[in-house]
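> fold the following.
(2 chains)
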Amino acid sequence: MLAQLISLLSVTTIALASYGVGRPIVRALDIAERDRLATGVWSVSLGLILAGLLLAVLGLFGLLYVQAIGVLTLIGCFWAVGEMGRSHIRRYEEELLPGIRPGQLDDADCAPWSPPARWLLRGVLVLAGLACLGSLLGALVPPTTAATLDYHLELPKTFLTRHAIYHMPHEARSVSPLLAEMWSLWALALDGGVAAVLIHWGLGVLLGLATVLLATSIVGRPWAWIAGAVVLLVPGISGQMAEAQNDVALALMTTLALGAWWRVASGGESRRWLLLAGTAAGGALAVKHTALIFAAAAGAASCWVLLRQAPRRRALIEGVVVVGVLAVVLGGPWYLRAAWHRGDPVYPFLTRLQQAEPKKGPGLICAKHPPGRSGKLNLVPFSAQMAAAPWHVTMHPERFGGRRYQLGALLLAVVPGVVLTRRLRGLGVLLAVVLAYGIQWYLLRQDVRLLFPVVPLLSVAVAWVWIEMRRFPAGPRVIAGTVQAGVLLVCGLAPFAQCRGQLAVAGGLESRAEYLSRIEPTYPAAAVVNELLKPDAHILTQDTRTFYFDRAVTREDVHRRRSAGYCRISSPAVLSNHLRGEGFTHLLLAEDVGLEGNKRGTILNRLAEAEPIGGEQSLKELMQYRFRDSQGDVRRYRLVMLR
Amino acid sequence: MIAPLRETDSRETRTNPSLHVVRRFVASTLLKPHKASADDAPRVPAWHAWLFTAWIIAAVVVCFAAALGL
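As a prediction, this is how the structure comes out:
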């Protein structure tokens, strides 16, 4: 239980420090002071973006030390406390002197239609709260999924160990935009993997609140709360809040950027919002390549706004330039880094495109896959399937990246209702962004996770359809409402079902070590390595999961590609000498047991089998255990010392 | 001449403050919100509403069936 509290405290500290960094900027811009929600969300988000960039700069200069990160975090926290004190004093002054009170956002005046019935608003918010609570329980579980450990946590851990961000030739993602991984690195420096996942849970909550800010301009604040709750009730979003990936972070950044841009382009508010829009757009570019697709979609929609609003065209073009320049300045360095190391700013996208191009010459057959497919497309481009894509994605998410990232039935069921509703100013532009993004998604990479940036936009459409459903006759309104309530109830409780086998460790009743020993195949070996081996030990492993090892670990497939003579080794003694010469001290062998073709069978296994491990031989076994995974496959792990 | 008014005992409210808060919460949950100008728009034609309801039911049923592997 103490470990859980420490993780929660670490994340609270990070949130507080982010607030301390972002709040002075928001106050200096003097644009969101009337709206406490906007002030809070933007302060934390700006702080996260700037702190992540600071960590990246520290990493590029080789200054990523836990102590330095801790001191900077504490400074941010103290600054945040000062900011809170200042805000408190300000509020006190406003109460004493009503004349200087700027006035709070009046919910009732935001929209020409009446707010939702309170039972509806409170019911939806309670369900969203349940979904958040369920995903919080999932986030309190030590990360074990391959999707999380693969590189989202492995890279930050490696950078932190080496105190620097550097290019790994064997790891393509080491040159990707890594802002979300910088936040994970921050959490790893203060606590560990659980805190890193909790950061992403917090990003999910921020995404819900950012949706409220975006929707407020279109449907008014009371209904905007419903739009925000709908986002949190999307199963893919609430599911990924319990994993340390970067799709929710990208959705947060794009939603913030679009919301700030919207205030200027449509609401005619202060142009200082453009600075926030540009910063969030830069944050989006620094999180993931997919932000480029969203930028193209938003750009296409902005062109439509420019055509419609001729008197403000010049101001809007200036706004586009400001946002674009800021975004490039903040997010561009990641792409320059990729171009420097790989010759491809969006590596590996352009590289794959070049590889997919057919060789020119007489009689040659064209490439089997069109450019950009990369084997990731399930539906044929430019066909009737394109119109049915939303149906396929909702009904069969397992074909598009996995059922755990599904969008759920609500969006597909409700959003088409906009064809029956009155026109709402602004909603058409949002849906145009969704359409443009969806077409690019369809043509480039059909992965359901990449649709998260449009979920907040679709949630605004859901809120508008619900507003309009009050004009339905009683019969269909009650039936449709009941069905949707059932869907929302299932979505609210789904995160609890997903973590039902992990409640003991999430609640602190089971220790993390016991849980990991049951679930994570490499953890027993990692525990022995961390406990017994010297700090300078270097392990060559056949398993790709290395997150829980505190000593230097190199994957065998990476070493095989690096070392020319490795595959020609034919005797255990030579192998031992070769590996010791390369600096390795131990091996972690992993073999599938009971399968006809041993998938992990490599030179290491064969040589280890050729020589009885133990005694005075060149290889000495330190431990051996078998692990049965969730599919029932059994693997044998052996930790071997080189002598 | 004006007859003097007799002083009455002040009514003691024995309501627990938290109970009062709960009562207000329940009452505000059940009360209908105020009407706004855009609420007076004409009703959606019945067949539109029924068509949309049928679509919602179909989408939800098929989605849950697919999730359950039916």
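> distance of residue A:164 from residue A:56?
Using CB to CB, to the nearest Å, one gets 11 Å for the distance from residue A:164 to residue A:56. All C-beta spots, glycine's among them, are computed from the backbone N, C-alpha and C.
> who's more crowded, these two?
Neighbour tally, residue A:164 and residue A:56, criterion other CB atoms under 10 Å in any protein chain shown: the higher count belongs to residue A:56, 23 against 15.
> next up, the contacts around that one.
When contacts are counted by CB atoms under 8 Å, 6 or more residues apart in numbering or on different chains, residue A:56 touches A:165, A:178, A:179, A:182, A:333.
> near chain B, from the residues you listed?
On the criterion CB under 8 Å from any CB of the partner chain, none of the entries of the contacts of residue A:56 sits beside chain B.
> TSV for these, including secondary structure and pLDDT?
Compiled in TSV, those are given as follows (DSSP: H, G, I helix; E, B strand; the rest coil; pLDDT from 0 to 100):
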residue	secondary structure	pLDDT
A:165	coil	93
A:178	coil	92
A:179	helix	95
A:182	helix	95
A:333	helix	93
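> which one of those residues is nearest residue A:426?
Using CB to CB, residue A:179 comes nearest to residue A:426 of these, at 28.8 Å.
> name the nearest residue to the closest one, ignoring sequence neighbours.
residue A:286 (3.8 Å; CB to CB, 6 or more residues apart in numbering or on different chains).
> what do you get for residue A:20?
Per CB to CB, 6+ apart, closest to residue A:20 is residue A:80, 3.2 Å.
> which residue ranges of chain B form helices?
B:17-30, B:46-67 (DSSP state H).
> determine the set of other helices and strands touching the first one.
Secondary-structure packing of helix B:17-30 (3 or more CB pairs under 8 Å, 6 or more residues apart in numbering or on different chains; DSSP states H and E): helix A:118-139.
> close to chain B, is the helix it packs on?
Yes - contact of helix A:118-139 with chain B (CB under 8 Å from any CB) involves A:118, A:119, A:122.
> verify the stated contact: residue A:522 with residue A:637.
Yes - with contacts counted by CB atoms under 8 Å, residue A:522 reaches residue A:637, the gap being 7.2 Å.
> need the residues touching each of these two.
Common neighbours of residue A:522 and residue A:637, using CB under 8 Å, 6+ apart, are A:543, A:588.
> where does the stretch 51-200 of chain A come near chain B, residue by residue?
Counting by CB under 8 Å from any CB, the residues of the stretch 51-200 of chain A close to chain B are A:108, A:111, A:112, A:113, A:114, A:115, A:116, A:117, A:118, A:119, A:122.
> re earlier: please say which of residue A:522 and residue A:637 ends up with more neighbours.
Under the criterion of other CB under 10 Å, the comparison of residue A:522 against residue A:637 puts residue A:522 first, with 25 against 20.
> what is the burial count for residue 61?
All of this is about chain A. 11.
> if you could check chain B rather than the one you did, that'd help
Per other CB under 10 Å, the neighbour tally for residue B:61 reads 14.
> where's it relative to residue B:70, distance?
From residue B:61 across to residue B:70, the span is 10 Å (CB to CB).
> could you list the low-confidence segments of the stretch 501-643 of chain A?
Across the stretch 501-643 of chain A, residues meeting the criterion (pLDDT under 70) sit at A:595-603, A:606-617.
> kindly recompute the last result at 80.
Applying pLDDT under 80 to the stretch 501-643 of chain A picks out residues A:563-576, A:594-619, A:630-631, A:643.
> how about stretch A:379-390 as PDB, C-alpha atoms only?
Provided in PDB are the C-alpha atoms of stretch A:379-390 (Å, rounded to 0.1, in the frame of the first residue of the first chain):
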ATOM      1  CA  LEU A 379      -9.700  -2.300 -46.100                       C
ATOM      2  CA  VAL A 380      -9.100  -1.600 -49.800                       C
ATOM      3  CA  PRO A 381      -8.400   2.100 -50.600                       C
ATOM      4  CA  PHE A 382     -10.800   3.900 -52.900                       C
ATOM      5  CA  SER A 383     -13.600   1.300 -52.700                       C
ATOM      6  CA  ALA A 384     -17.000   0.800 -51.300                       C
ATOM      7  CA  GLN A 385     -15.400  -0.300 -48.100                       C
ATOM      8  CA  MET A 386     -14.300   3.300 -47.500                       C
ATOM      9  CA  ALA A 387     -17.900   4.400 -46.700                       C
ATOM     10  CA  ALA A 388     -18.400   1.400 -44.400                       C
ATOM     11  CA  ALA A 389     -15.100   1.900 -42.600                       C
ATOM     12  CA  PRO A 390     -16.700   3.400 -39.400                       C
END
